[in-house]
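> could you look at this predicted model? Sequence included:
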Amino acid sequence: MTQSTPRGTRVSHVGIAVEALARSLPFFRDVLELSEVALDDADGANIAGFSAGEAVVELLEADDPTSPIGRFVANRGPGIHHICFSVDDLDATLERCRRAGIELIDEEPRIGAEGKRIAFLHPKSTGGVLVELSDH
């Protein structure tokens, strides 16, 4: 197996909770002229993606009002839901978080959209920002 060169931590995507994809898509697609990226729906959300340089903008529409995105929009309205950082070694990064006293939502990595290994960090430990980590 060939080992890849570490790339360092980088922004993978920004998740934006929206009330309706149909109302949000035109701004990103037609006004900003971002290219659409095919993404799988996950975690109770219908997801539309747009390429923004090396990062992706994910628009997240709840498919159920009791889903995490549904609750977020009901409580806070539409807006930035989370930022995802790609890391070279998710397990090692989670261990550094534990040692630093960061509260983990996911104690162990789980499979998220596109089959990627992910883990979320609690906003109480990250300055009020929901942070997702991924090793892709």
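That came through, no problem.
> what does the pLDDT read for Gln3?
Listed pLDDT for Gln3 reads 54.
> now the helix or strand Ala48 falls within: average pLDDT?
Using DSSP states H and E, Ala48 maps to strand 45-52. For strand 45-52, the mean per-residue pLDDT is 96.
> go on, stretch 109-117?
For stretch 109-117, mean pLDDT is 90.
> dump it to PDB, keeping only the CA atoms.
Taking C-alpha atoms only, stretch 109-117 is exported to PDB below (Å, rounded to 0.1, in the frame of the first residue of the first chain):
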ATOM      1  CA  PRO A 109     -15.400   8.000  13.900                       C
ATOM      2  CA  ARG A 110     -18.500   7.100  12.100                       C
ATOM      3  CA  ILE A 111     -19.400   6.900   8.400                       C
ATOM      4  CA  GLY A 112     -21.000  10.000   7.000                       C
ATOM      5  CA  ALA A 113     -22.000  11.200   3.600                       C
ATOM      6  CA  GLU A 114     -20.000   9.800   0.600                       C
ATOM      7  CA  GLY A 115     -18.800   7.000   2.900                       C
ATOM      8  CA  LYS A 116     -16.300   9.300   4.700                       C
ATOM      9  CA  ARG A 117     -15.100   8.700   8.200                       C
END
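> chain center to the strand holding Ala48: distance?
Distance of strand 45-52 from the chain centroid (CA atoms, centre = their mean, to the nearest Å) equals 10 Å.
> what helices or strands is it leaning on?
Counting contacts by 3 or more CB pairs under 8 Å, 6 or more residues apart in numbering; DSSP states H and E, strand 45-52 packs against helix 21-26, strand 35-37, strand 55-62. Every C-beta, even on glycine, is put in place using the N, C-alpha and C of the backbone.
> how about residues contacting it?
By CB atoms under 8 Å, 6 or more residues apart in numbering, the residues outside strand 45-52 that reach it are 13, 21, 24-25, 28-29, 32, 34-41, 56-63, 67-69, 113.
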